[in-house]
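Participant: model this:
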Amino acid sequence: MTDAPNYATPAPAGPPAGDSYPGKVLGIVALVLAILPFTQLIGLILGIVAKVQSSKVGRKNGIALAAIIIAIIFLILSIVIGVSLTTAGIAAVQEVCGGVESGGVVEYQGTQVTCP
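Facilitator: Have a look, this model is predicted:
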């Protein structure tokens, strides 16, 4: 008679340790992108995706919500600043080139400028 060794069966793998849930890391990435210049739209989209992923499993994701809010605010601010700078630039060109036909050359602060 042979005695076979009695090996214990391994325990089944459980969920990872910690307070991890879908959309948590994506929410953090969205928040970072919402703050960085020129990436607010990407941060907004990722924040929405993270919020949807978290809500599917019944979890709240405050970081994703913050990313959505900050991205919207910064996106609106960047649009307002962009429109203001464009308007100021057009006004400056019109001031310098006032009364000069298209293609005419004007000297402005020591620089030759061709008027549009």
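Participant: What residues of the longest helix along the chain count as buried?
Facilitator: In the chain, assigned by DSSP state H, the helix with the most residues is helix 62-96. For helix 62-96, burial by neighbour count (16 or more other CB atoms under 10 Å) applies to 63-65, 67-68, 70-71, 74-75. From N, CA and C alone the C-beta is placed, and that goes for glycine too.
Participant: farthest-separated two in those?
Facilitator: Farthest pair in the buried residues of helix 62-96 (CB to CB) is Ile63 and Leu75. Separation: 18.0 Å.
Participant: from the buried residues of helix 62-96, which is closest to Ser54?
Facilitator: Out of the buried residues of helix 62-96, the member with the shortest distance to Ser54 (by CB to CB) is Ala64, at 6.4 Å.
Participant: Let me know how buried Thr39 is, in neighbour terms.
Facilitator: Residues lying near Thr39 (other CB atoms under 10 Å) number 17.
Participant: Dihedrals phi and psi, it?
Facilitator: Thr39 adopts backbone torsions of phi -120, psi 20, taken as degrees, to the nearest 10.
Participant: hmm, back to that, which other helices and strands contact the longest helix of the chain?
Facilitator: helix 24-35, helix 40-56 (3 or more CB pairs under 8 Å, 6 or more residues apart in numbering; DSSP states H and E).
Participant: Is it possible to get these out as TSV so that each row also shows distance to Ile90, mean neighbour count and mean pLDDT?
Facilitator: Shown next, in TSV, are these (distance: least, CB to CB, whole Å; neighbours: other CB atoms under 10 Å; pLDDT from 0 to 100):
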stretch	distance to Ile90	mean neighbour count	mean pLDDT
helix 24-35	30	20	94
helix 40-56	25	19	95
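Participant: Output those in CSV; the columns should cover distance to Ala88.
Facilitator: Below are the helices and strands packed on helix 62-96 laid out as CSV (distance: least, CB to CB, whole Å):
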stretch, distance to Ala88
helix 24-35, 26
helix 40-56, 22
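Participant: Tell me which of those sits nearest to Asp3.
Facilitator: Nearest of the helices and strands packed on helix 62-96 (CB to CB): helix 24-35, 50.1 Å.
Participant: Appreciated, that's everything.
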